[in-house]
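K.L.:
Could you look at this predicted model? Sequence included:
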Amino acid sequence: MSDRLKNIRNFCIIAHIDHGKSTLADRLIEKSGVLTQREMQSQVLDNMELERERGITIKAQAVRLIHRATDGEEYILNLIDTPGHVDFTYEVSRSLAACEGALLVVDAAQGVEAQTMANVYLALDHDLEVAPIINKIDLPAADPSNAKQEIEDLIGLDASNAPLISAKNNININHVFDCIVSSIPAPKGDPDAPLKALIFDSVYDPYKGVMVFIRVMDGRIRKGTHTYFMASEKDFEIVEVGFFGPGKFMPCDELASGDVGYITASIKNVRDTRIGDTVTEFNRRTEAPLPGYKKVNPMVYCGIYPMDGSKYPDLREALEKLQLNDASLQFDPETSTALGFGFRCGFLGLLHLEIITERLEREYNLELITTAPSVVYKIHMTDGTVLNLSNPADMPDPSRIEHMEEPIVKAEIILPPDYIGQIMELCQERRGVYLGMEYAEQTRTVLHYEMPLNEIIYDFFDTLKSRSRGYASFDYDLIGYQESKLVKLDILVKHEPVDALSFIVFAGSASERGRKIVEKLKKEIPRHQFEIPLQACIGSKVVARETLGALRKDVLAKCYGGDISRKRKLLEKQKEGKKRMRQVGNVEVPQAAFMSVLKLESE
Amino acid sequence: MDQGNIGLYIHIPFCQAKCDYCDFLSFSNKQDQWEAYINSLIYTELPLFEPYSPIDTIYIGGGTPTVLPVFLLQKLLKAIPSYLPNTEITCEANPGTLSEEKIAALANGGVNRISLGLQSWQDHLLQNIGRCTTHGHYQKIFEDNFHLLRRAGFNNINVDIMFALPNQTLANWEETLEKVIDLQPEHISAYGLTLEEGTPLELRLKNEHNKYAKESYEELNEELDRQMYHRCKSFLQDKGYIQYELSNFCKSGYESQHNIKYWTRKPYIGLGLGSHSFNGNIRWSNTTDLQQYLAADHMEDIYDTHSRYSDIITKTDAMAEFMFLGLRMTKGVSEKNFIQNFGQSIFEVYGSWIAKMIDDRLLQKHDDHIALTNLGMDLANQVMAGFLQNI
């Protein structure tokens, strides 16, 4: 192995939310001496405001650290940050593929959590060397030996030499550097072979175009290299190559095998730089692309509408901007009779959906109405064709449907044994098929279920949390499609179907769900001068019905002693309420009603 | 804008006991401050008041002004500034607070209209809402007070009655109406109970029912409430009373001139704690803090500088007020009047809303006037909210 490669380490950090991944990353950056403490933002890796608030990392980013070991050797340590949620499993897997090893950070008080395990298995699947680190040893509740034991029992890793640290309070960070150098293998690769580099992320820069984050496996890449992106089948001439300095990009002459860095090539569209794609030389191509590339498809769809219809162009612009950095976000214009102009958006999962809607509201100041999320159903038509359905409004006439399939996930729920009964009941209500249970230790049980994804996107997290008093954690993985008896449930307000409230549901749950929705709508819709029947229907069959009585009285008896302001304020409030209404036939439906049906159990 | 003569309102914020539904500014346990209050009103606030137009209506309200002893009533009435001949001077009173001596003091002080708060003929319904009663003698006391007033020469008496009270039946309400009619008052105000937030009655119903007490109570009682209201309208009409406002009925020529000022945006000045004033352009109000009021010796101390002091009414506001106040009157608002006041046609400003409301049968048009229909009177807020500017 060349001297150059011998002194490179490419690694990532695996941790459960809150176990201290970002804090440790900060500490490593600070200790590597590239930045003074004063220059440090508190968490350099997490750029986005939102990430910091939610305590999670959304987009993978990387940083190059220079470490001078006690023996005088200088090491290049490339830390590749990974997103920490199941929605981004594929992105995580590509980041892992760029590394030789991973630090597993475990909270000394909390021990190993469901999500940690999922990511460790992912790392082990990629043949990464996993080195455990026990963090937060200075907490009063810290139990490092128990944490080590859990790592050995639950994951099967040797944790005997795991550094015991506190990233927050700067305890034993040196041990982490030693551990990286000693436990994680140096990269291999031939700098003279044809170029072979893995794309593990990209960001859009308004001046440079798409900046593509790569790990070079073989060969070299420099300014002027004529490259070929094997999956997207695009070729680009490289304009700039560089490293990831802490918080900034640092151009350099060349990236060679073993290196982690970025390239730019005046690429306009983030879709041309697909995560997992292989970059090679146009005229000297590598024999085969790197394994593991997958085109990512959204799993969850919903309609997003601006509350104020005139903000539609703003919403489009905001989505376009977000998409620049997020190739997995999809959107297409759609029209709803109830909600007007909006977009049908596709997401990797529920968290992804939540993050995008929150960013739209927060960073772009938009007020939104989102419709009930839907998964992608496969509809087998009687004529033999198969339709992928992500919008209930597009559901074909049932007479033309041979059968339907829905996505199934494998779910893993970790919880204290006290709640097993409640949570098994919940899984059963959600059509879960029980696969098994493990008692990991006295205080923790792992439940395995197979479950339709459409049961999970409907208020599952909140219900899980409330029924387990917040103790249960949950993880899922798509395993395939399964035939199922599904129907489209329409909601009618005064005999007018409200397209934004339609959804596809398991036939056996349809009337129950319909009943809850009409009950909820009855509370949300203000009374009108006429009676309003609220119905849930499958085709022409009414499965649930409520009637909202007519408003008979809305009048102030008295104007108190000339206090006109009071009267005016009351009327203003009434008028303000009206502004937030959507017209369905001659019924005014508050915007809140569209959202309220998304959470039917949480009260 | 023609501002016309001024109405004068005087607030007496004291009662024998505060009713459970009441959220008016009134105190039940401040006898020791009555005199200081009247003194502040007469010696501090009145001298600050400079009538820029003649006064032609006066209304002494509360609270219960007639809880005051004779000497304080006399002192107050004597201090009232000069007013035009034939000025309507109303004083509110509750059954049981009137004696022959007090009635004489009122009459001698110029009061020529009395508003008696009967509320309900049935003692048990009044006890339900915590209204101070006299344990079985209430009906007799009311009738006695009424006859005393007549004997003293009062020929313009209003009786306040309430419907939609907890546990009130339609029969209870009809009995109240009949008993009142037997006495032939010139004026009747019939109010539906409004469950105001934070009042003891609202809190009690909240405990008895659930957290949505206000909505559920009013919704549950809505049907009965409207039955009572409609019954009241037809009953009083049969007995020769004219409905001239949403809650007000009278024999021909006995409309409350003072209250009409509120609904037609005429100027009025309020004196006393928490009272409201309007000079045609600005609305303002006095402090609601009794101690501050009593200690005041400057105008600034009396006015409520925190909230609504200097609420300048823009033209848009004024047009909205013209509509939502004017529509309280059964004859409605006049197109001609609107143009005179604002230099614009009512249809130019509100045409589409008026058309929609006529379409929904909530408004009707008669020659120069636009008025609520009977249905519109039940749903007046729905109509009125539409006249507010787009907020």
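P.N.:
Alright, I've got the coordinates.
K.L.:
Please put the alpha-carbon coordinates of the longest helix anywhere in chain B into PDB.
P.N.:
Looking across chain B with DSSP state H, the single longest helix is helix B:222-238. These are the backbone C-alpha positions of helix B:222-238, laid out as PDB (Å, rounded to 0.1, in the frame of the first residue of the first chain):
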ATOM      1  CA  GLU B 222     -80.900  27.100  20.300                       C
ATOM      2  CA  GLU B 223     -84.100  25.600  19.100                       C
ATOM      3  CA  LEU B 224     -86.000  26.600  22.300                       C
ATOM      4  CA  ASP B 225     -84.200  30.000  22.300                       C
ATOM      5  CA  ARG B 226     -85.600  30.800  18.800                       C
ATOM      6  CA  GLN B 227     -89.100  29.400  19.700                       C
ATOM      7  CA  MET B 228     -89.200  31.800  22.600                       C
ATOM      8  CA  TYR B 229     -87.900  34.700  20.500                       C
ATOM      9  CA  HIS B 230     -90.500  34.100  17.800                       C
ATOM     10  CA  ARG B 231     -93.200  33.500  20.300                       C
ATOM     11  CA  CYS B 232     -92.300  36.800  22.000                       C
ATOM     12  CA  LYS B 233     -92.400  38.700  18.700                       C
ATOM     13  CA  SER B 234     -95.800  37.500  17.600                       C
ATOM     14  CA  PHE B 235     -97.200  37.700  21.100                       C
ATOM     15  CA  LEU B 236     -96.100  41.300  21.600                       C
ATOM     16  CA  GLN B 237     -97.200  42.300  18.100                       C
ATOM     17  CA  ASP B 238    -100.700  40.900  18.900                       C
END
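K.L.:
which residue ranges form the helices in the stretch 451-600 of chain A?
P.N.:
A:453-456, A:460-467, A:510-524, A:564-579, A:591-596 (DSSP state H, counting those that start in this stretch).
K.L.:
OK, contacts around the residue in the stretch 201-350 of chain B that chain A sits nearest to?
P.N.:
Chain A sits closest to B:H276 of the stretch 201-350 of chain B, with a gap of 4.4 Å, by C-beta to the nearest C-beta. In this view, the C-beta of every residue, glycine as well, is placed from N, C-alpha and C. For B:H276, the contacting residues are A:561-565, B:9, B:268, B:270, B:283-286, B:308, by C-beta atoms under 8 Å, 6 or more residues apart in numbering or on different chains.
K.L.:
so what's it scoring on pLDDT?
P.N.:
Here, the pLDDT recorded for B:H276 equals 92.
K.L.:
what are the bridge partners for it, then?
P.N.:
Listed by DSSP bridges, the beta-bridge partners for B:H276 are B:S285.
K.L.:
wait, A:L65 sits on A:D26?
P.N.:
No: the pair A:L65 / A:D26 is not scored as a contact, 11.5 Å apart, by C-beta atoms under 8 Å.
K.L.:
Report the residue spans of the chain with pLDDT below the cut-off.
P.N.:
You didn't say which chain, so I picked chain A. For chain A, residues meeting the criterion pLDDT under 70 lie at A:1-2, A:17, A:33-60, A:83-87, A:114-115, A:118, A:246-247, A:440-443, A:559-561, A:600-603.
K.L.:
wrong one, chain B
P.N.:
Those would be B:1-3, B:132-135, B:209-219, B:299-300, B:304-310, B:390-391, if you go by pLDDT under 70 across chain B.
K.L.:
Having no further points to raise, I will conclude here.
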